[in-house]
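Novice: got a predicted model here, sequence first, then my questions.
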Amino acid sequence: MSDKDIDGIFCLNAAVATAATAAVDAAQLTGKIKVGTLEISKVALEQIQNGKIEFLINEQPYLDGYYGVLFAYHYVKLGLAPVGMVHTGPSVVDKKNVEKIVAVFEKYPNVVGSQ
């Protein structure tokens, strides 16, 4: 509240982002200070839907483990492996795609983040 030049908060995880949105609300600066975060959670998705969080960056850790096992299996079984880098993220979630991510989150709990 003492620094009037602050117009955004970037958080390292969804729990801290939730605390940041509460602080912005308490300071009566909702809509004036934008909040963004790393990590995905059910609460963070809800806060994107209701405009309290602008965006989150989903690091997609599920794919890290999934692809590691898949590639190892294919290499041992078939001798196949990716030729280049395989990107597992990050993906940005915002108002434009939040509904799709919420649908995945509801169908496959804990695959894309914490409850």
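Specialist: Arrived safely, thanks for sending.

Novice: for this protein, just list every one of the helices.
Specialist: 14-26, 42-49, 61-78, 98-107 (DSSP state H).

Novice: could you dump those to JSON lines with mean neighbour count and mean pLDDT?
Specialist: Every residue, glycine included, has its C-beta placed from N, CA and C. Putting those into JSON lines (neighbours: other CB atoms under 10 Å; pLDDT from 0 to 100) gives the following:
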{"stretch": "helix 14-26", "mean neighbour count": "17", "mean pLDDT": "95"}
{"stretch": "helix 42-49", "mean neighbour count": "20", "mean pLDDT": "94"}
{"stretch": "helix 61-78", "mean neighbour count": "12", "mean pLDDT": "90"}
{"stretch": "helix 98-107", "mean neighbour count": "14", "mean pLDDT": "91"}
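
Novice: of all those, which lies closest to H87?
Specialist: H87 sits nearest to helix 61-78 of all these, at 8.9 Å, using CB to CB.

Novice: dump that closest one to PDB, restricted to CA.
Specialist: What follows is helix 61-78 as a C-alpha-only set of coordinates in PDB (Å, rounded to 0.1, in the frame of the first residue of the first chain):
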ATOM      1  CA  PRO A  61       5.500 -31.700 -14.500                       C
ATOM      2  CA  TYR A  62       3.200 -34.600 -15.300                       C
ATOM      3  CA  LEU A  63       4.700 -34.600 -18.900                       C
ATOM      4  CA  ASP A  64       8.300 -34.700 -17.500                       C
ATOM      5  CA  GLY A  65       7.700 -38.000 -15.800                       C
ATOM      6  CA  TYR A  66       5.300 -39.400 -18.400                       C
ATOM      7  CA  TYR A  67       7.600 -38.800 -21.300                       C
ATOM      8  CA  GLY A  68      10.600 -40.000 -19.400                       C
ATOM      9  CA  VAL A  69       9.000 -43.400 -18.900                       C
ATOM     10  CA  LEU A  70       7.500 -43.500 -22.400                       C
ATOM     11  CA  PHE A  71      10.800 -42.700 -24.000                       C
ATOM     12  CA  ALA A  72      12.700 -45.300 -21.900                       C
ATOM     13  CA  TYR A  73      10.100 -48.000 -22.800                       C
ATOM     14  CA  HIS A  74      10.200 -47.200 -26.500                       C
ATOM     15  CA  TYR A  75      14.000 -47.200 -26.500                       C
ATOM     16  CA  VAL A  76      14.300 -50.600 -24.700                       C
ATOM     17  CA  LYS A  77      11.400 -52.200 -26.600                       C
ATOM     18  CA  LEU A  78      11.800 -50.700 -30.100                       C
END
